[in-house]
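Colleague: Give me a 3D structure for the following:
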Amino acid sequence: MRNNDRTTWIKLLNTLDITEQNIPANAPMTALVPSNKAVAAFLSRLGMTEDEFVKRKELVDLVTAYHVIPGFQAKGPWDIPENPTLAVTADVNYALRFYRNSSAAWVKDTQGNDALLEARPLQFGRISVIPISRVLLSGGYFFNGGDALRYYPQWSRAAAFATAAGSPEHAVGNGDVTFLVPDNAAFDKAGAALQSLSAEAKAAHVMYSATAPAKHIPSQLAASGSIQTLLPNHYLRVMMSPGVAGQPPVVKFTPEEGPAASVTIFNIYVGRGIFQGIDRLLNPKLAGQGIADVKRPKQLPAGRRLLLDAAEDGPAVAGRALLAANASPGFYQGSANTMAASNTAAAITDAANGRIPASYATRYGTAMTKSVKCYNCFLWADSQQP
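Modeller: Numbers count the residues shown, from 1 in each chain. As a prediction, this is how the structure comes out:
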């Protein structure tokens, strides 16, 4: 991995204390490595500099984990037995699909983007490295909030509500915010009265569900206290307690009116921001439906980013397709990641020890691969934890 065109990716791995010196030589795996130019394009669309990105280690870990295929070493020029061939990644929630024709091979990520395999695998002991043309996108990080809301079906009503509110996210500045996103069931609990609110009142609800800056749970969220929201002079109360038996922490946000909401989906990165999924709407205490100070301006202030805006078309998104149009069982993960983050280093260690946890294959196990070729599903499904 000493290619000068891949040094940025190596730097990301080094940020996670993954180096050539400490990667086990007996770890069978395949690493997909984008070029420096591809990483720069990815960071530009996230709205981050490289220095800002490497400081968010949980996000770096999510991205690198999705580019590692533990338990399988690619050896042939295009080691793809049929279209598609599935691969489970070190991010246990999301898989990859590989394709080939007579002149090229490529990999499709879970958001529907294609990346070319730019060269045959480079083998280093039991590790193979394949240069690819772009950074792959899992369901754990998105260029913007709109993509995330469209990706997860359980957030479809939140997307519709934000649209009806006029998408008032102009107040988030550069996008460095935490959005608490209610699931569809939360809207059922709220009842029909919510839909009768004015656009300004709906905007108030959206802004009340956001706070700055972006905070990863649990590492950056205070265990208790009051949080100021993006709705001026309105606050939430937070209580966080440790999870049991390796489970995520128990996090509750109590609004000014109504019952508390629990976090059920953790740490979905959207540009510079983070979505935390919740099971109830958060209601601010409002004097009336009309909220003058949250009306959307006629023109976006200079330098402001619309967090929920759809990604712009262009060369960087060539080959992208909406998953809703081509999702197939075994390829599309419809459930959000409820764990804090993946761990690239742990997956590499597990591969070296030959004990990839069986829980990793719960969504991509033996039953699913009866009709789909997969590099490592059988291995993972049949592995037993010590």
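Colleague: all contacts plus neighbour counts: C-alpha atoms, from now on.
Modeller: Will do.
Colleague: Phi, psi for residue 217 please.
Modeller: Main-chain dihedrals, residue 217, degrees, to the nearest 10: phi -100, psi 130.
Colleague: count of neighbours near it?
Modeller: 20 (other CA atoms under 10 Å).
Colleague: For the residue lying closest to residue 226 once chain neighbours are set aside, name its beta-bridge partners.
Modeller: With sequence-adjacent residues excluded and distances taken as CA to CA, 6 or more residues apart in numbering, residue 226 is closest to residue 237, at 4.6 Å. Using DSSP bridges, the beta-bridge partners of residue 237 come out as residue 226, residue 254.
Colleague: Surely residue 237 and residue 259 touch.
Modeller: No. At 11.4 Å, residue 237 does not count as touching residue 259 under the criterion of CA atoms under 8 Å.
Colleague: before we move on, the earlier item: roughly how far apart are the residue nearest to residue 226 and residue 12?
Modeller: Going from residue 237 to residue 12 by CA to CA, to the nearest Å gives 35 Å.
Colleague: Of these two, which one has the most company?
Modeller: Just comparing residue 237 and residue 12: by other CA under 10 Å the higher neighbour count belongs to residue 12, 20 against 15.
Colleague: which residues does residue 76 contact?
Modeller: Residues in contact with residue 76, defined by CA atoms under 8 Å, 6 or more residues apart in numbering, are 120, 121.
Colleague: That one looks like it's in a strand, true?
Modeller: No. Counting by DSSP: H, G, I helix; E, B strand; the rest coil, residue 76 is not found in a strand; it is coil.
Colleague: what's it sitting at in phi/psi?
Modeller: Backbone torsions for residue 76, taken as degrees, to the nearest 10, come to phi -80, psi 170.
Colleague: now the one 3 residues further on
Modeller: Per-residue torsions, residue 79: phi -80, psi 70 (degrees, to the nearest 10).
Colleague: Could you check the pLDDT of it?
Modeller: pLDDT, residue 79: 82.
Colleague: any idea how far it lies from residue 47?
Modeller: Taking CA to CA, one finds residue 79 at 35 Å from residue 47.
Colleague: next one: residue 263
Modeller: Applying CA to CA to residue 263 and residue 47 gives a distance of 26 Å.
Colleague: Mind checking which of the two has more residues around it?
Modeller: Legend: neighbour count by other CA under 10 Å for residue 263 and residue 47, higher for residue 263 (24 against 20).
Colleague: Given the helix or strand harbouring that one, what are its sheet partners and their directions?
Modeller: According to DSSP states H and E, residue 263 maps onto strand 261-270. Strands flanking strand 261-270 in the sheet, each with its direction: strand 141-142 (parallel), strand 250-254 (antiparallel), strand 273-278 (antiparallel) (DSSP bridges).
Colleague: Number of residues surrounding the residue nearest to residue 26 when sequence neighbours are not counted?
Modeller: Take residue 26 and drop its neighbours on the chain: the residue closest to it by CA to CA, 6+ apart is residue 352, 5.3 Å away. When neighbours are defined as other CA under 10 Å, residue 352 has 20 of them.
Colleague: dump the residue contacts of residue 352.
Modeller: With CA under 8 Å, 6+ apart, residue 352 has these contacts: 24, 25, 26, 27, 28.
Colleague: right, and the helix or strand after the one helix or strand in the chain whose mean pLDDT sits lowest?
Modeller: Counting by mean pLDDT, DSSP states H and E, the chain has its least confident helix or strand at helix 323-326, which shows a mean of 30. Following helix 323-326 in sequence order, the next helix or strand is helix 344-353 (DSSP H and E).
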